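# I would like the atomic coordinates for the input below:
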Amino acid sequence: MRTRFAPSPTGFLHVGGLRTALFAWLIAKKTKGRFLLRIEDTDQERSVEGAVENILSTLHWAGLDPDEGVMMRKGLMAQEGTKGPYIQSERLELYQKYADQLLKDGHAYPCFCTPERLTKMREDQTARKQAPMYDRHCAHLPKKEVEERLARGDAHVLRLLVPHERIFTYTDEIRGEVTFQGHTVDDQVLIKSDGFPTYHLAHVVDDHLMEIDLVIRGEEWLSSTPKHLLLFERLGWTPPKYAHVPLLLNADRTKLSKRQQSVAAEEYIQKGYLPETLLNFLALLGWNPGTEQEIFSLEELTEAFSLERVQKAGAIFDLAKLDWLQGQWIRKLSLAEFTDRLQMLTAERFPEAAHDAHFKDKAALIHERVTFLKEGPDMLTFFYVDPKVDVDLLANAKQKVTKELLPKILNVLVKTMEKISEDEWTVDSLKEKLLACAKKEELSQGQLLWPLRAALTGLPYSPGAFEVAVALGKDVTLIRVEAARADLQK
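From the prediction side, this is the model:
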């Protein structure tokens, strides 16, 4: 199937938009079709500079690159495919051509109403507790008056003439059969007074000419579908299938909004979420795989996804679930991949990490401990910078390590570790010898190991003391414990 994602460049890509793109991408890949990216920029006043680039970079980050349409090539924006141009502002002549056809065939009419009249009309309708919609004042103007006003160049829009006696029924791929009464459907503006088309006309023309088989979009467009189906009919075209996905909701079941939490995909990228995490999370917002499985790669989603299992009700944007998935995906990364991603981040803080032949061993120590990759450099700081350790960190009431006991503990550590050869400097050997020493000196395991770990890392939380000592090596380990002991004597 040919599917498309057609965002408006009015800001950073919304997470709801990314979910729509994901669903469309999955259907295209599952059916061995093509996924198309079109930019719908007919609302020039709301277009934001840099928004298209953000859309492209976000889709690339997520692994949802388009097969056709607008895309990045060697850092530059390009358009590829035979159905272009894929930017609506470059297709204005096409929209005008079909608008003229609708006008000629009597399916549309010019409307000269001023903004002031339209505002007053809506206020009066609201006061009468009526749904605000155009009252068709200009649909009944004499033909001669219309011709004269057009000849004078009076400002006007072009409206769709909706047959109020019609009943519109169609089958939505998610919601099943949907019916609308014609008298509830507004005479939609098709061409604005500035000559630009509205979404309603432009996307219908584009979806037909670009041979789109399936339109996946948010449920807020559900009530507009009769207008779109009518346009396809009036232009003599077969419409695509439509699937309206449920809204994303805050925890209080209100529509997801930036007043309560982040809504731009860019913000989740900056926070350090993996693309695997965010896609997995978004896929489960409104879609149920029908199994107990919760962790899905993009390949697994392509295999399992279907519109039949997308629900109608809104989906709660549960940040706790998102963070849980992030932890799962971090640990699901192979050590080699985790190391590669973490090494680049760490090298930004500590350039020597870029050429650290033992970085993989260091990364292995924290693979199970981080939720976000950006936590890694802090947790590895002690490998590249000698820690500053004070007595308050070395002591620990929970482990019964008192300040008075610290000199004895550090002395025991130095004397014991000095006797361990380089060949024996392994986790198992250190564990055996240090725990035997603790027993001999009547110290608990925690009393011996807490100060060791604190002296080596300077952190209240870190990988295990034995693992850190092995990763640092005997010489550095002894130097740091000696430094902690010397500080106590000052």
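# A strand includes residue 82, no?
No. The assignment for residue 82, made by DSSP: H, G, I helix; E, B strand; the rest coil, is coil rather than a strand.
# pop the domain breakdown of this protein in here.
If you go by automatic domain parsing, the domain ranges for the chain are 2-88+248-316, 91-245, 335-383, 386-488.
# looking at those, which is closest to residue 323?
Closest approach to residue 323 among the domains of the chain (Cβ to Cβ): domain 335-383, 6.5 Å. No exception for glycine: its C-beta is placed from N, CA and C like everyone else's.
# thinking again about what came up before, would TSV of the domains of the chain with distance to residue 325 be doable?
Below are these laid out as TSV (distance: least, Cβ to Cβ, whole Å):
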stretch	distance to residue 325
domain 2-88+248-316	5
domain 91-245	20
domain 335-383	10
domain 386-488	23
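# to residue 328, which of those domains lies closest?
Comparing the domains of the chain by Cβ to Cβ, domain 2-88+248-316 comes nearest, at 5.6 Å.
# quick check: end-to-end length of that closest one?
Across domain 2-88+248-316, the terminal residues are separated by 29 Å (Cα to Cα, to the nearest Å).
# how far off centre is that domain?
7 Å (Cα atoms, centre = their mean, to the nearest Å).
# I'd say residue 365 and residue 467 touch.
Yes. Look at residue 365 against residue 467 with Cβ atoms under 8 Å: they come within range, at 5.4 Å.
# related to what we said a few turns ago, closest one to residue 329 among the domains of the chain?
domain 2-88+248-316 (4.6 Å).
# hang on, the earlier thing: make CSV out of the domains of the chain and add mean neighbour count.
Shown next, in CSV, are the domains of the chain (neighbours: other Cβ atoms under 10 Å):
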stretch, mean neighbour count
domain 2-88+248-316, 18
domain 91-245, 16
domain 335-383, 17
domain 386-488, 17
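# mind putting those domains in CSV, mean pLDDT and distance to residue 326 included?
Shown next, in CSV, are the domains of the chain (pLDDT from 0 to 100; distance: least, Cβ to Cβ, whole Å):
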stretch, mean pLDDT, distance to residue 326
domain 2-88+248-316, 94, 5
domain 91-245, 96, 23
domain 335-383, 94, 6
domain 386-488, 91, 19
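# tell me the pLDDT at residue 490?
Note on residue 490: pLDDT of 71.
# how many neighbouring residues does it have?
Residue crowding around residue 490 was assessed by other Cβ atoms under 10 Å; the count is 4.
# contacting residues around it?
Contacts for residue 490 (Cβ atoms under 8 Å, 6 or more residues apart in numbering) come out as none.
# following the helix or strand where residue 280 lies, which helix or strand comes up?
Assigned by DSSP states H and E, residue 280 belongs to helix 275-283. Downstream of helix 275-283, the first helix or strand assigned by DSSP H and E is helix 298-304.
# packing partners for that following helix?
helix 15-30, helix 275-283 (3 or more Cβ pairs under 8 Å, 6 or more residues apart in numbering; DSSP states H and E).
# surely residue 171 is in a strand?
Yes. Counting by three-state DSSP, one finds residue 171 located in a strand.
# quick check: closest non-adjacent residue to it.
residue 177 (5.4 Å; Cβ to Cβ, 6 or more residues apart in numbering).
# pretty sure that neighbour sits against residue 167.
No. At 11.9 Å, residue 177 does not count as touching residue 167 under the criterion of Cβ under 8 Å.
# what ranges does the protein have for its strands?
2-5, 34-37, 68-73, 76-80, 108-111, 157-160, 167-172, 176-181, 189-191, 214-218, 241-245, 248-249, 315-316 (DSSP state E).
# can I get those strands in JSON lines including distance to residue 323?
As requested, these are exported to JSON lines (distance: least, Cβ to Cβ, whole Å):
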{"stretch": "strand 2-5", "distance to residue 323": "27"}
{"stretch": "strand 34-37", "distance to residue 323": "29"}
{"stretch": "strand 68-73", "distance to residue 323": "30"}
{"stretch": "strand 76-80", "distance to residue 323": "34"}
{"stretch": "strand 108-111", "distance to residue 323": "51"}
{"stretch": "strand 157-160", "distance to residue 323": "46"}
{"stretch": "strand 167-172", "distance to residue 323": "33"}
{"stretch": "strand 176-181", "distance to residue 323": "35"}
{"stretch": "strand 189-191", "distance to residue 323": "44"}
{"stretch": "strand 214-218", "distance to residue 323": "25"}
{"stretch": "strand 241-245", "distance to residue 323": "23"}
{"stretch": "strand 248-249", "distance to residue 323": "17"}
{"stretch": "strand 315-316", "distance to residue 323": "14"}
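# who touches the closest residue to residue 9 other than its chain neighbours in this structure?
Sequence neighbours aside, residue 51 is the residue nearest to residue 9 in space, at 3.6 Å (criterion: Cβ to Cβ, 6+ apart). Contact partners of residue 51, counting by Cβ under 8 Å, 6+ apart, are 9-12.
# distance-wise, check residue 51 relative to residue 57.
11 Å (Cβ to Cβ, to the nearest Å).
# how about residue 95, what does it touch?
88, 191, 197, 201-202, 205.
# now it: closest residue in space that isn't a chain neighbour?
Residue 95 sits nearest to residue 197 (Cβ to Cβ, 6+ apart), 4.0 Å away.
# right, and the one you found touches residue 99 too?
Yes. Between residue 197 and residue 99 a contact is recorded at 7.0 Å, counting by Cβ under 8 Å.
# which neighbours do these two share?
By Cβ under 8 Å, 6+ apart, the residues touching both residue 197 and residue 99 are 190-191.
# I'd like the distance between residue 6 and residue 69.
9 Å.
# please enumerate the shared neighbours of those two.
With Cβ under 8 Å, 6+ apart as the test, residue 6 and residue 69 both reach 37-38.
# skipping adjacent residues, who's closest to residue 226 in space?
Residue 226 sits nearest to residue 168 (Cβ to Cβ, 6+ apart), 3.8 Å away.
# for the one you found, give the beta-bridge partners.
residue 180 (DSSP bridges).
# which ones are touching it?
179-182, 185, 225-226, 229-230.
# let's have those residues in JSON lines, adding distance to residue 384.
What follows is these, written out as JSON lines (distance: Cβ to Cβ, whole Å):
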{"residue": "179", "distance to residue 384": "67"}
{"residue": "180", "distance to residue 384": "65"}
{"residue": "181", "distance to residue 384": "70"}
{"residue": "182", "distance to residue 384": "71"}
{"residue": "185", "distance to residue 384": "66"}
{"residue": "225", "distance to residue 384": "59"}
{"residue": "226", "distance to residue 384": "64"}
{"residue": "229", "distance to residue 384": "63"}
{"residue": "230", "distance to residue 384": "66"}
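# which one of the residues you listed is nearest residue 148?
residue 230 (29.0 Å).
# if anything else comes up later, I'll come back, but that's it for now.
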